[in-house]
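>>> Provided below for reference: sequence and predicted model.
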Amino acid sequence: MNSRQLKIVIVRLLIMALGLGLFFYNVRFFHMRSLIETTIFIGAIAAVRFFDFNFSRIDKVHFESAFIIAALILFSLPNTLFLAIGGLLVAALIKPEKNVFGGPLYLVSQRSLTIFIAGLWLDNRYLTDRKSVV
């Protein structure tokens, strides 16, 4: 393994550690009012992951991010993290992705970091879940 590959592996391991740490810190504040609501959002995020849309001159576009942004606007950061990671894991169980460093854990870590940064950017402005714990 050359030095460049080693640096890439170290950066990916740091992403995994930070992302999983953020997820497990925030998921303890998870509190949804309805099991049906939780199941619908997890199912929608998992289902949308399998639909690719081709637009002219653009590679395949996934609408999974749109559902996650909607969840981030509607719910608190811990709830959104739980929903997004739940949907990602359901999708990974149904159709595993090949050649992913660290398997689903790396995808969970990436998603956790992205959602956490988006939640900070939104500055805790949620539509329905006013009590945010970050």
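All right, it came through fine.
>>> How confident was the prediction at residue 58?
Listed pLDDT for residue 58 reads 63.
>>> longest helix anywhere in this protein?
helix 3-27 (DSSP state H).
>>> Mind listing residues that contact the helix or strand just after that helix?
The C-terminal neighbour of helix 3-27 among helices and strands, as given by DSSP states H and E, is helix 35-48. Helix 35-48 is contacted from outside by 32, 62-64, 66-68, 71, 82-84, 86-88, 90-91, 94, using C-beta atoms under 8 Å, 6 or more residues apart in numbering. No exception for glycine: its C-beta is placed from N, CA and C like everyone else's.
>>> repeat that for 10 Å
30, 32, 34, 62-68, 70-71, 74-75, 79-80, 82-95 (C-beta atoms under 10 Å, 6 or more residues apart in numbering).
>>> buried residues in it?
Using 16 or more other C-beta atoms under 10 Å as the test for burial, helix 35-48 gives 38, 41-42, 44-46, 48.
>>> State the helix or strand in which the residue nearest in space to the middle of the chain lies.
Nearest residue to the geometric centre of the chain (C-alpha atoms, centre = their mean): residue 111, 3.4 Å. Assigned by DSSP H and E, residue 111 belongs to helix 104-122.
>>> Can you list the low-confidence ranges for the chain?
52-62, 98-102, 122-134 (pLDDT under 70).
>>> correct me, but residue 12 touches residue 110?
Yes - the pair residue 12 and residue 110 passes the contact test of C-beta atoms under 10 Å, sitting 9.4 Å apart.
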